[in-house]
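Undergrad: Got a predicted model here, sequence first, then my questions.
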Amino acid sequence: MLVATFRRLLWAGLTLTVLPAAAQTAATTDSVNIRRLYDEALARGQSYDNLRHLCTRIGGRLSGSPQAEQAVQWGKVTMEMLGLDRVYLQEVMVPHWVRGAKEKAVVRGAKGKGLDLAVCALGGSVGTGGKLRAQVVEVQSLQELAALPAEKVKGKFVLFNRPMNPLYIETGQAYGEAGDQRRAGPSAAARRGAVGALVRSLTLAHDDYPHTGSLRYDDQVAKVPAAALSTNSADQLSQLLKADPDLTVELEMSCQTLPDVKSYNVVGEIKGSKYPDEIITVGGHLDSWDLAQGAHDDGTGCVQSMEVLRLLKATGLRPERTVRAVLFMNEENGVRGGNKYAELAKAAGEKHLAAMESDGGGFTPRGFNIEADAATVRRVRQWQPLLRPYGSTNWTPGHAGTDIGPLKSQARVLIGYDCDSQRYFDLHHTAADTFDKVNRRELELGGASMAALVYLLSKYGL
């Protein structure tokens, strides 16, 4: 108890002079070992080269696609080459939605002249069955839609045009707040008799990239086609509506949902040297949307998670608790992989000490979001001074991640790797999410910071 108290004081940032020699030695050892992890990552890191292969040789990896299957085999082979204690696959059935031919949207005014809009189908949307043409009503929220008279909506497209709030420092907060339009907007529009939904892309950027993403149909109402407009196109359509409220949009999408497909989570692990039954999971999602290469979302999280295991092996810091890297399948449109992993862990009676997720891009590390009871959050935050020299300063309570969310009732703590988010939603779910947008040094620093916290969790537990 006394040693633990001293350790807590040390990690809270008090000077070494007030601590006994044993505590000073432990802190010094941890500091040296963490430096070794960072040195290995910066000098010989493999995350960037692994990401290059995943993005440029395989590309977009939507669940159920041939590319997703290729990524599973790549992940398995890549982790086997690390010489881990075990590498295996977890079978999971996943949705199989296909985009089909490139979507088209044209605005037509009273004179019939057409103006193209930058558009893409939202994930899971039904197709239009040819060309679907209708007038448009613009709203800023689901509440505004619900308050409109029926005749203002029936037979029209609903344009959900509320922008993300630029005043939030954390862009994820703005994304989450505006996301109700994409998730629930299509069914809300159908409930009012609309023929389809057009949704402003979830980004603070003003550009011509439409952002896809999943929607949630309500089975109690008809499924209507739903598409995302780029921010520039949404603004343009809004201006044209002010000048001509009777204009029409002609939308053409051939997307469809096919039967579920068998896929897999990819799992690699190093057995703990002292407490092998206590598990620390670290992961990212292997699937991505189909518009680009899925670099920041979430190729970076996958390669960083694999790098955590490689760094522990390369530095000889064998973990005292079992550490697993999991490449989850189907985060983007179903979370089937995350749910399956938690289901199998519970059925096997596994004891998860912690689960960590990287799914915010491969940008400069800032810290970690910690999801646990207040006492556990305090215990984890006591290690923050050891990572402060590496720029990891933002250790705060908050949402940890979608794929590890199903483990909440099983793990002591869920942890989300936090990096600079300012550029993330410029690329998120778009054709711009490509390998060339990733910086090698930022990516490798992120993997090292994740490895450092895993090292501390493995050594000290909770």
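TA: Cool, got the structure.

Undergrad: so how far is the strand or helix carrying R366 off the chain centroid?
TA: Assigned by DSSP states H and E, R366 falls within strand 365-371. Offset of strand 365-371 from its chain centre (C-alpha atoms, centre = their mean, to the nearest Å): 14 Å.

Undergrad: That one pairs with which strands?
TA: Paired strands of strand 365-371, with direction, are strand 394-397 (parallel), strand 411-419 (antiparallel) (DSSP bridges).

Undergrad: Compare the ones you listed and give me the one nearest V199.
TA: strand 411-419 (26.0 Å; C-beta to C-beta). For the C-beta atoms, the positions are set from N, CA and C on the backbone; glycine is no exception.

Undergrad: Off-centre distance for the longest strand along the chain?
TA: Longest strand of the chain, by residue count under DSSP state E: strand 256-270. The chain centre lies 17 Å from the centre of strand 256-270; the measure is C-alpha atoms, centre = their mean.

Undergrad: Buried ones in it, by neighbour count?
TA: Across strand 256-270, burial judged by 16 or more other C-beta atoms under 10 Å covers 257, 261, 263-270.

Undergrad: returning to what we had before: show me the contact partners of the strand holding R366.
TA: With contact meaning C-beta atoms under 8 Å, 6 or more residues apart in numbering, strand 365-371 is reached by 356, 376-377, 380-381, 384, 387, 390-400, 408, 413-420, 442, 445-446, 449, 453.

Undergrad: among the strands paired with strand 365-371, which is nearest G284?
TA: Taking C-beta to C-beta, strand 411-419 is the member of those nearest to G284, at 8.9 Å.

Undergrad: Mind checking the pLDDT average for the closest one?
TA: On average, the pLDDT along strand 411-419 is 98.

Undergrad: Who are the packing partners of the helix or strand that that strand is followed by?
TA: Moving toward the C-terminus from strand 411-419, the next helix or strand (DSSP H and E) is helix 424-427. Packing partners of helix 424-427 (3 or more C-beta pairs under 8 Å, 6 or more residues apart in numbering; DSSP states H and E): helix 171-178.

Undergrad: just the angle between the helix it packs on and strand 365-371, please?
TA: Relative orientation of helix 171-178 and strand 365-371, computed by axes from the mean of the first three to the mean of the last three C-alpha atoms, to 10 degrees: 50 degrees.

Undergrad: List the buried residues in helix 171-178.
TA: Under the neighbour-count criterion of 16+ other C-beta under 10 Å, helix 171-178 has 171-172, 174-175, 178 buried.

Undergrad: The stretch 201-350 of the chain: strands as residue ranges?
TA: Along the stretch 201-350 of the chain, counting by DSSP state E, counting those that start in this stretch, strands occupy 226-229, 248-252, 256-270, 275-285, 321-328.

Undergrad: Which pLDDT value goes with G179?
TA: You'll see G179 listed with a pLDDT of 96.

Undergrad: Now for it: which residues touch it?
TA: By C-beta under 8 Å, 6+ apart, the contact set of G179 is 202, 213.

Undergrad: centroid residue for the protein?
TA: Central residue of the chain (C-alpha atoms, centre = their mean): D359, 3.6 Å from the mean position.

Undergrad: State whether that residue and H296 are indeed in contact, as I suppose.
TA: No. Between D359 and H296 there is no contact under C-beta atoms under 8 Å: 9.5 Å.

Undergrad: show me the contacts for R216.
TA: By C-beta under 8 Å, 6+ apart, the contact set of R216 is 124, 183-184, 187.
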